[in-house]
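J.: A predicted structure for the sequence below; I have some questions about it.
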Amino acid sequence: MKALVQRVKKAKVTVDGGVTGKIGTGLLVFVGFTLNDNVQELNWMVEKITGLRIFPDENGKMNRSVIDVSGEMLVVSQFTLHADTRKGKRPSFVKAADPETANMLYRLFIQKIIDKDSIPVAEGVFGAHMDVDLINDGPVTIMVDSPVEGVV
């Protein structure tokens with residue numbers, strides 16, 4: 001499981017001309033799943049992302065989490081995070097979960113975030129072509145990989 005986390009001033013997702021999710025201050029999270037991902041990894045990832053201290057404190061140091069700043073989260077499924085580009089020019093996505101598994105994990109991931117301290121969560125549309133508009137704050141962009149399989 002991988003997540004690309006961006007601290008944003010605002011972000012929104014549009015599908016077919018309609019806004020499906022938007023947030024103000026918070027985190028835009030692109031998340032990708034593999035066939036080997038499980039509930040234990042989802043729990044680990046939710047704890048990691050919601051606890052990431054990447055918002056400034058009163059001294060300007062990155063020392064506060066999305067929970068600490070009463071921020072929001074916009075979660076967008078993105079299987080391309082698991083692209084393997086080591087060979088050739090065309091990315092391989094063989095590590096990415098199949099759509100049915102990925103959608104189930106995506107729904108569960110969002111629910112776990114909502115359940116965690118009642119963080120407001122907006123979302124993209126699984127499997128849709130989405131336009132993502134954001135103002136990255138900082139910029140701060142962090143890649144979060146789940147621990148090595150079986151070690152959580």
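T.: Ah, there it is.
J.: This structure: strands as residue ranges?
T.: 2-15, 18-23, 26-32, 55-56, 62-64, 72-77, 121-123, 131-145 (DSSP state E).
J.: Redo the ones you listed as a markdown table? Include mean pLDDT.
T.: A markdown table is the format used below for the strands of the chain (pLDDT from 0 to 100):
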| stretch | mean pLDDT |
| --- | --- |
| strand 2-15 | 98 |
| strand 18-23 | 98 |
| strand 26-32 | 98 |
| strand 55-56 | 98 |
| strand 62-64 | 97 |
| strand 72-77 | 98 |
| strand 121-123 | 97 |
| strand 131-145 | 97 |
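J.: ok, and which of those has the densest surroundings?
T.: Most buried of the strands of the chain, by mean neighbour count (mean count of other CB atoms under 10 Å): strand 26-32, with a mean of 26. C-beta coordinates here come from the backbone N, C-alpha and C atoms, glycine included.
J.: Could you report the separation of Thr20 from Gly60?
T.: 34 Å (CB to CB, to the nearest Å).
J.: just Met143 next, same as before
T.: On the measure of CB to CB, Met143 and Gly60 end up 24 Å apart.
J.: likewise Met45?
T.: 28 Å.
J.: who's more crowded, these two?
T.: Met45 (25 against 7; other CB atoms under 10 Å).
J.: So the more buried one sits against Ala3, correct?
T.: Yes. Using CB atoms under 8 Å, Met45 is in contact with Ala3, at 6.1 Å.
J.: Quick check: neighbours shared by those two?
T.: By CB atoms under 8 Å, 6 or more residues apart in numbering, Met45 and Ala3 have these common neighbours: 31, 144.
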